[in-house]
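*Asks:* no sequence on this one, just coordinates:
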């Protein structure tokens, strides 16, 4: 899209817009300074701009995997396997 078209659209949306408010003599200077646009300015032609593609998001880091639960060793019996209650204090 040409810079002139962009300027007209800005004027339609915000008639009081003035690039000088932001310290730039021209809309082209403001566009260059934002570094948000790809700019094509052929000799003798109109400046054309388009929004730069968004950068790819950083890859997400995966949470570390939890270790698998360890099975009790063969020599140790679990409380559920024994006939007495695990809270039996009279042993």
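*Replies:* Thanks, I have the structure now. For clarity, every value in this text was computed on a predicted model and none was experimentally measured.
*Asks:* how near is residue 21 to residue 27?
*Replies:* Using CB to CB, to the nearest Å, we find residue 21 at a distance of 12 Å from residue 27. Yep, even glycine has a C-beta here, placed from its N, CA and C like the rest.
*Asks:* Over to residue 1?
*Replies:* Computed as CB to CB, the residue 1 to residue 27 distance reads 13 Å.
*Asks:* before we move on, what about residue 48?
*Replies:* 13 Å.
*Asks:* hey, where'd the helices end up in this protein?
*Replies:* Ranges of helices in the chain, per DSSP state H, are 3-13, 27-34.
*Asks:* Between the two ends of stretch 41-55, how far is it?
*Replies:* Terminal residues of stretch 41-55 lie 23 Å apart, using CA to CA, to the nearest Å.
*Asks:* Going forward, count from 11.
*Replies:* In the new count, where the first residue is 11, that last one comes out as stretch 51-65.
*Asks:* about what we covered before: just name the most buried of the helices of the chain.
*Replies:* Of all those, helix 37-44 has the most neighbours on average by mean count of other CB atoms under 10 Å, namely a mean of 15.
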